[in-house]
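Engineer: Fold the following.
(one chain, ligands or ions: 1)
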Amino acid sequence: MRRLDQMLSSLGYCSRREARAWIAGGRVTVRGEPADDVGQKALPADVLVDGEPLDHPDGLLLMMHKPLGLVCTHDAREGPTVYSLLPARWQRRNPPVTTIGRLDKDTSGLLLLTDQSELVHRLTSPKHKVPKIYRATVDADLSAELVPRFASGTLQLAGEDRPCAPAALQLMSPREAELTVTEGRYHQVRRMFGAAGATVLTLHRTNFGLLALGDLPPGKWIELPPDTFA
Ligand code: URA
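Structural biologist: Below is the predicted model:
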């Protein structure tokens with residue numbers, strides 16, 4: 001059971017102060033009866049606003065095709081954010097909707113978003129070794145010798161105290177490759193190719209764990225079942 005004002009503000013409907021006016025205006029019902037106090041406690045499933053059930057009261061889990069040019073921070077000073085693609089109400093939720101790991105502004109592809117911090121921690125922790133698959137094009141020919149080097153678990157990135165965990169590299173053509181990593185270090189894929197003398201020109205994530213982006217168009221997202229990673 002939660003207070004109505006807390007419930008409405010945490011789900012992004014309105015501020016706690018505005019909840020008072022919403023309730024006074026008869027917009028909120030609990031089990032079919034108009035709510036009479038912001039402090040009234042209720043189960044989210046029993047609450048209607050303007051006659052509609054609450055919007056995802058038990059949490060959100062989304063898979064987005066992140067387009068190029070958007071950032072994964074919440075700070076709009078860094079450029080347009082991936083959150084701007086979501087409904088306004090979801091952008092006001094608290095706990096906030098955040099990305100599970102990040103993709104660079106100039107990386108496209110599969111991006112997960114949720115308001116469940118436990119899921120963020122679990123899926124981004126290197127301990128859990130969730131495989132992420134990236135498709136990269138680079139500015140120099142890649143040699144076959146890179147495959148065992150990336151797989152060896154000895155590739156050292158500048159400024160890091162531990163080498164990268166083993167990563168599976170598949171060469172698709174001399175300047176295009178698919179790389180599977182289980183960590184999520186800062187600019188990891190670009191830096192791994194950089195350590196091999198190649199600059200990444202395009203980078204796109206196709207898979208995250210068992211999930212594949214498929215033909216979801218850039219800028220679009222779908223909801224995933226809440227038990228996807230249960
Ligand atoms: N590695 C990178 O270098 N950039 C990304 O966006 C993701 C992984």
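
Engineer: does stretch 110-120 come close to the ligand?
Structural biologist: No. In terms of C-beta under 6 Å from any ligand atom, no part of stretch 110-120 sits within range of the ligand; the closest distance is 9.4 Å. Where you see a C-beta, it was placed from the backbone N, CA and C, and this is true even at glycine.

Engineer: So for that stretch, what gets flagged as buried?
Structural biologist: Of the residues in stretch 110-120, those with enough neighbours to count as buried (16 or more other C-beta atoms under 10 Å) are Leu110, Leu111, Leu112, Leu113, Thr114, Asp115, Gln116, Leu119, Val120.

Engineer: State the distance from the last one to Met63.
Structural biologist: Separation of Val120 from Met63 (C-beta to C-beta, to the nearest Å): 14 Å.

Engineer: possible to save the buried residues of stretch 110-120 as JSON lines with secondary structure and pLDDT?
Structural biologist: As requested, the buried residues of stretch 110-120 are exported to JSON lines (DSSP: H, G, I helix; E, B strand; the rest coil; pLDDT from 0 to 100):
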{"residue": "Leu110", "secondary structure": "strand", "pLDDT": "98"}
{"residue": "Leu111", "secondary structure": "strand", "pLDDT": "98"}
{"residue": "Leu112", "secondary structure": "strand", "pLDDT": "98"}
{"residue": "Leu113", "secondary structure": "strand", "pLDDT": "98"}
{"residue": "Thr114", "secondary structure": "strand", "pLDDT": "98"}
{"residue": "Asp115", "secondary structure": "coil", "pLDDT": "97"}
{"residue": "Gln116", "secondary structure": "coil", "pLDDT": "95"}
{"residue": "Leu119", "secondary structure": "helix", "pLDDT": "96"}
{"residue": "Val120", "secondary structure": "helix", "pLDDT": "96"}
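
Engineer: Turn those into CSV, including distance to Glu52.
Structural biologist: Shown next, in CSV, are the buried residues of stretch 110-120 (distance: C-beta to C-beta, whole Å):
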residue, distance to Glu52
Leu110, 31
Leu111, 28
Leu112, 27
Leu113, 23
Thr114, 23
Asp115, 20
Gln116, 23
Leu119, 26
Val120, 29
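
Engineer: quick check, nearest of those to the ligand?
Structural biologist: Lowest distance from the ligand to the buried residues of stretch 110-120 (C-beta to the nearest ligand atom) belongs to Leu111, with 9.4 Å.

Engineer: ok, the closest one touching His204?
Structural biologist: No. Taking C-beta atoms under 8 Å as the definition, Leu111 is not a contact partner of His204, at 11.1 Å.

Engineer: Find the residue closest to Lys105 in space, skipping its chain neighbours.
Structural biologist: Using C-beta to C-beta, 6 or more residues apart in numbering and skipping residues adjacent in sequence, the residue nearest Lys105 is Val71, 5.1 Å away.

Engineer: List the residues that contact that neighbour.
Structural biologist: Residues in contact with Val71 (C-beta atoms under 8 Å, 6 or more residues apart in numbering) are Glu78, Gly79, Pro80, Thr81, Val82, Lys105.

Engineer: In contact with Val147, which residues?
Structural biologist: Per C-beta under 8 Å, 6+ apart, neighbours of Val147: Leu169, Gln170, Leu171.
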